[in-house]
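Visitor: Sharing a sequence plus its predicted fold:
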Amino acid sequence: MPDVYLTINEADPALLAEIAQGLEARAALPQQIEILETYLGDIEFPDGARVLDVGCGTGAQSRTLINRPDVAEVVGADQARFLLERARELAVGLTGLTFEEASGDDLPFETAAFDVIVAHTVLTHVADPEAVLAELARVVRPGGTLAICDGDFSTMSAAIGDRDPLQACAESFIEHSVNDAWLMRRLPRLVRAAGFTLGRARSYNFIETEDPVTTANWFRRGADGLVKEGRIGSDLAEALKAEITRRAAAGIYFGGMKYDSLICRKPG
Ligand SMILES: C[S@@+](CC[C@H](N)C(=O)[O-])C[C@H]1O[C@@H](n2cnc3c(N)ncnc32)[C@H](O)[C@@H]1O
């Protein structure tokens, strides 16, 4: 089954609620806050910056951005109506922050409309990353910045040893929730082809051992995906989920992957 985000507006309401909750829970994790703050620190925001948060989901990064003193306006754009509704609810009372339903490859904004664009865990999910990068190159002003951060999903692991059966849950999650697990390996070439020059690149090791939140939910969804594909029965899926819970309780759980960020500049 392909990445759920490719047809997100047709997804089951229960799954949409789970995704919305999962995005907010991930964004609240200290390791994830550190990743975001680290690469935002690599961006030169002009005073009164106008920022686009493309693929904003429930708007967690949009809310961080509008709270920066150097940012005057943030537009969050996403194709997912349900996530945008949640984003608007969570942003009540924040002035300068608005949300637009839009596809990343066809944005309803003027050319050179933004000083800074942030694409946080988006490009690995889009159907045509080249088309999205070309559109982002259009809407950022000359001299402006595109900051990209995403998971290097090819590194995702649930395993604590050889032939660990939980690794099948990680692989199934990637199959159902990511369009291109290898995108971050090809990103420098893609952004150069879109007309950007490359700035600071960083990698981050995201690991959950104690009280796993995000990776445990990913692997549970992976177990469900194996059932949907008819590869295993529901009894085995429940046993895999119980193993996730057992490892967490026993202090032997591992879940993680590498994230990468890349700062790109549009020549001025
Ligand atoms: C993993 S979520 C990340 C959301 C948010 N940036 C975060 O990190 O919490 C990926 C988001 O990209 C959006 N998305 C995927 N393809 C898109 C496209 N072609 N145009 C606009 N949004 C897209 C999805 O709807 C989803 O909200």
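Guide: Perfect, thanks for sending it.

Visitor: Now do the same contact list for G151.
Guide: T121, T124, V178, M184, F206, M257, K258, Y259 (CB atoms under 8 Å, 6 or more residues apart in numbering). In short, each C-beta sits where N, CA and C put it, glycine included.

Visitor: In this structure the last one contacts F153, no?
Guide: No - in terms of CB atoms under 8 Å, Y259 does not count as a neighbour of F153; the distance is 9.8 Å.

Visitor: Next, the residue of the stretch 1-150 of the chain found nearest the ligand: secondary structure please.
Guide: With CB to the nearest ligand atom as the measure, G57 is the residue of the stretch 1-150 of the chain nearest to the ligand, at 2.6 Å. Here G57 is recorded as coil under DSSP: H, G, I helix; E, B strand; the rest coil.

Visitor: now, which of the contacts of G151 lie close to the ligand?
Guide: Of the residues in those, proximity to the ligand by CB under 6 Å from any ligand atom holds for T121.

Visitor: Which stretches in the stretch 51-200 of the chain count as strands?
Guide: For the stretch 51-200 of the chain, strands defined by DSSP state E, counting those that start in this stretch occupy the ranges 71-78, 97-101, 114-120, 140-157, 197-208.

Visitor: Now render these as JSON lines, adding mean pLDDT.
Guide: Converted to JSON lines, the strands of the stretch 51-200 of the chain look like this (pLDDT from 0 to 100):
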{"stretch": "strand 71-78", "mean pLDDT": "98"}
{"stretch": "strand 97-101", "mean pLDDT": "98"}
{"stretch": "strand 114-120", "mean pLDDT": "98"}
{"stretch": "strand 140-157", "mean pLDDT": "98"}
{"stretch": "strand 197-208", "mean pLDDT": "98"}
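
Visitor: Just name the most buried of the ones you listed.
Guide: For the strands of the stretch 51-200 of the chain, average neighbour numbers computed from mean count of other CB atoms under 10 Å are highest in strand 114-120, which has a mean of 25.

Visitor: Which ones among the contacts of G151 lie within helices?
Guide: M184 (DSSP state H).
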